[in-house]
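Asker: Need the 3D shape of this:
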Amino acid sequence: MATVDTLSPAAGIGCVALDAVKRRFGLPADDPTADAELGELITTASEICRAVIGREPWRQGYEEIVTGTGEVDLFTHHWPIEGVDAVTIDGQILDPGEVRVYRRKLRRRGGVWQRGAEITITYRAGWLVPGQLTVWQAAASVPHGVFVPAGELWAECTTAGVTSNDPPSWPSRPGEIVVDGEVRWTLRPAHQADAVLWACALGLVVLLDAGYLEVEPGIASESDGESTVSYSTRSRNTEHAAVNNRVQALLPRYR
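Answerer: Here you go, the predicted structure:
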């Protein structure tokens, strides 16, 4: 049985962007009147995505302790894996060069993960969702943990602060650090969530706003064995039913 701790919780969790929700409801982008209410719907919809998928889909840092299986491949609880920061086997540090990172697994070069050994992995995994993304702006205050596009990679704000007046030159190697005014960016080979996850979250926002989904306080889902998560309904509008069915069919692909 694996144990997993979150080391670096995601900033601004939201599986769909506020501007996309406002476009869906026909609201002016520059009118903030409904922003707080829509933000609550986005948060709830994102938590429902998490409940259906069965794990956090957004990118975070983790420490996971597993038992070796005697195989060359080791599967982590969270994926897609972005990178591994440290591995120990029964307390002994493993050279990172011995570990090859794949989307859902770690492969040990020239060896196996010893059967019965306690293996501790510190790694980063998950998708970048809209709530974690922004664009670079001059002289802007940037919080820790947000990402901006950086050429072929993504730049994570690892030291919060105010950016400089001129955009930085982004290097092409993961792990490099860029000084940008008070901000420190670390280059990452992160994975951006695809349009399907965004569409599912947007569909859930629409359903929540319409009162189609009724979620009791503190309960986002129910399950029985491997059955699909279901929610009680107050409305059976044909369009909303179609959205609900589509969301329930698509979200499990991320499990």
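Asker: the domain parsing of the chain - what is it?
Answerer: Split into domains by automatic domain parsing, the chain comes to 12-58+193-255, 60-125.
Asker: for this structure, longest helix please?
Answerer: Counting residues, the longest helix found in the chain (DSSP state H) is helix 35-53.
Asker: Not counting its neighbours along the chain, what's nearest Asp73?
Answerer: Lys105 (4.7 Å; CB to CB, 6 or more residues apart in numbering). In this view, the C-beta of every residue, glycine as well, is placed from N, C-alpha and C.
Asker: Kindly report the same for Arg24.
Answerer: According to CB to CB, 6+ apart, the nearest residue to Arg24 is Leu202 (6.1 Å).
Asker: and for the host helix or strand of the one you found, what are the contacting residues?
Answerer: In this structure, Leu202 sits in helix 195-210 according to DSSP states H and E. Residues from elsewhere that reach helix 195-210, judged by CB atoms under 8 Å, 6 or more residues apart in numbering: 14-17, 20-21, 24-25, 38, 41-42, 44-46, 48-49, 57, 127, 129-130, 213, 215, 235, 237, 240, 243-244, 246-247, 250-251, 253-254.
Asker: Give me the buried subset of those residues.
Answerer: 14-17, 21, 38, 41-42, 44-46, 48-49, 57, 127, 129-130, 213, 240, 243-244, 247, 251, 254 (16 or more other CB atoms under 10 Å).
Asker: If you rank every helix and strand of this structure by mean pLDDT, what lands last?
Answerer: strand 232-233 (a mean of 42; mean pLDDT, DSSP states H and E).
Asker: Wait, Arg45 touches Cys15, no?
Answerer: I think there's a mix-up here, since residue 45 is Ala and not Arg. Yes. Counting by CB atoms under 8 Å, Ala45 does reach Cys15; the two are 6.7 Å apart.
Asker: on that earlier part again, what residues does the longest helix of the chain touch?
Answerer: Contacts of helix 35-53 (CB under 8 Å, 6+ apart): 13-16, 18, 21-22, 25, 56-58, 129, 131, 197, 200-202, 204-205, 208-209, 213, 215, 220-221, 229, 231, 248, 251-252, 254-255.
Asker: center of the protein, which residue is that?
Answerer: For the chain, the residue sitting closest to the mean C-alpha position, by CA atoms, centre = their mean, is Trp58 at 0.9 Å.
Asker: residues in contact with that one?
Answerer: Neighbours of Trp58 in contact, by CB under 8 Å, 6+ apart: 10, 13, 15, 46, 126-129, 131-132, 193.
Asker: which residue ranges form the helices in this protein?
Answerer: So, for the chain - with DSSP H - the helices run 18-24, 35-53, 195-210, 238-250.
Asker: Which among the domains of the chain is found nearest to Trp185?
Answerer: domain 60-125 (15.2 Å; CB to CB).
Asker: about what we covered before: the helices of the chain into TSV, with extra columns for mean pLDDT?
Answerer: What follows is these, written out as TSV (pLDDT from 0 to 100):
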stretch	mean pLDDT
helix 18-24	93
helix 35-53	91
helix 195-210	89
helix 238-250	70
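Asker: would you list those in a markdown table and tack on distance to Thr120?
Answerer: Listed next are those as a markdown table, based on distance: least, CB to CB, whole Å:
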| stretch | distance to Thr120 |
| --- | --- |
| helix 18-24 | 38 |
| helix 35-53 | 25 |
| helix 195-210 | 29 |
| helix 238-250 | 34 |
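Asker: Nearest to Ala138, out of the ones you listed?
Answerer: Comparing the helices of the chain by CB to CB, helix 18-24 comes nearest, at 20.8 Å.
Asker: Other residues contacting the closest one?
Answerer: 28-29, 34-35, 38-39, 41-42, 130, 198, 202, 205-206.
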